[in-house]
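Enquirer: structure for this input, please:
(one chain, ligands or ions: 1)
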Amino acid sequence: MTASIDGQALLASILANPECDTARLVYADWLQEQGQEERAEFIRLSVRRAGFRCAKNKHPSPCKSRGPGAAGGPHHLCQSLDAALDALMPAVARGLIGGYLDWHTHCSIVGSSEVQYDSAPGNKSPQDESIIVSAHRGLVSNITMSFADLLTHAGKLFAVNPIERVAVRGAEPHDNRQHGESGDFAGPKRLEWVGLLREHNRVGVYNIPRRVFAHMPTQLPHDHGQHRFHPTREAALDALSAACVAFGRAEARKRRAVDSEPMSKE
Ligand SMILES: [Zn+2]
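Expert: The predicted structure is shown next:
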């Protein structure tokens, strides 16, 4: 009991200070004490690896990347760290997403640092039922999922993972110029998300669930009501990610508030 409370406190410290390496290393020490040596080592090596400029498993040849404190010049420490992380991945993959094995019963390593969790492996369209995560500095930072999974599981996912980026499977902003609004064809490119007015309305390619859309700020002068416009597809996807992250963190806060209720009543 005490052990899990300590673990939660250490995770909370990471979530509150996602940039802090020390919080992660302290958590790694705690995992080590709990006998979770592989996860502990994965975090330590990942934090160390993040100090190098080259992307994981994408080294120029010869790799001239420098770590913090490296004297300089070509070296291969980053490559040996990558090899060590790849070797640890099979052991840490199942637990990477944290406390989710009750739902995600099947997981597979799909990229050099990506893990896919399937809630219903072997079904007709597993892509629709899966969550793909990638870790940065030892913990899940990026996640790809459907709106349905986000709405259902965000509270739990964001309560234990320092998620910074969300990609929603199948979501594409609407190219507003093709819409045929008078005079719009010659105007600047506008990519649009549309917020649903009601919870039960159909979530679509560019239709955002109401609860997520509520976290999307108004940015451009022609934004109005349930319409948000962006100059590029990238900007639109960034805004959607930011809204999803804000929604997820809010859900996690609600969840913690509910969890702590019985204690505060005492
Ligand atoms: Zn390298």
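Enquirer: let's check: the centremost residue of the chain is which one?
Expert: Asn142 (2.8 Å; CA atoms, centre = their mean).
Enquirer: so it sits in a strand?
Expert: Yes. Under DSSP: H, G, I helix; E, B strand; the rest coil, Asn142 falls within a strand.
Enquirer: got the contact list for it?
Expert: The neighbours of Asn142, taking CB atoms under 8 Å, 6 or more residues apart in numbering as the test, are Val133, Ser134, His136, Ile163, Glu164, Arg165, Val166, Ala167. All C-beta atoms are positioned from the backbone trio N, CA, C, and that covers glycine.
Enquirer: near the ion, which of the residues you listed show up?
Expert: Here nothing survives when these are matched to the ion using CB under 5 Å from the ion.
Enquirer: coming back round to it: could you measure from the residue nearest to the centre of the chain over to Cys244?
Expert: 11 Å (CB to CB, to the nearest Å).
Enquirer: which residues are common contacts for those two?
Expert: Common neighbours of Asn142 and Cys244 are listed as Val166 (criterion: CB under 8 Å, 6+ apart).
Enquirer: could you look up the next helix or strand downstream of the helix or strand hosting Ala9?
Expert: Ala9 belongs to helix 2-16 when assigned by DSSP states H and E. Toward the C-terminal end, the helix or strand that comes next after helix 2-16 (DSSP H and E) is helix 21-33.
Enquirer: buried residues, that following helix. List them.
Expert: Going by neighbour count (16 or more other CB atoms under 10 Å), the buried part of helix 21-33 is Asp21, Ala23, Arg24, Leu25, Tyr27, Ala28, Trp30, Leu31, Gln32.
Enquirer: got the angle for it vs helix 2-16?
Expert: Computed by axes from the mean of the first three to the mean of the last three CA atoms, to 10 degrees, the angle separating helix 21-33 from helix 2-16 equals 160 degrees.
Enquirer: chain center to the following helix or strand past helix 21-33: distance?
Expert: Counting by DSSP H and E, the next helix or strand C-terminal to helix 21-33 is helix 37-49. Between the centre of helix 37-49 and the centre of its chain there are 18 Å (CA atoms, centre = their mean, to the nearest Å).
Enquirer: helices or strands up against helix 37-49?
Expert: Judged by 3 or more CB pairs under 8 Å, 6 or more residues apart in numbering; DSSP states H and E, helix 37-49 is in contact with helix 21-33, helix 77-96, strand 130-136.
Enquirer: that helix close to the ion?
Expert: No. Under the criterion of CB under 5 Å from the ion, the ion is not reached by helix 37-49; the shortest gap measures 9.3 Å.
Enquirer: which residues are contacting that helix?
Expert: Applying CB under 8 Å, 6+ apart, the set of residues contacting helix 37-49 is 21, 24-25, 27-29, 31-32, 56, 67, 78, 81-82, 84-85, 88-89, 91-92, 95, 135-139.
Enquirer: cool, and stretch 230-239?
Expert: Here stretch 230-239 makes contact (CB under 8 Å, 6+ apart) with 167, 171-173, 188-193, 216-217, 219-220, 228.
Enquirer: how far off centre is that stretch?
Expert: 18 Å.
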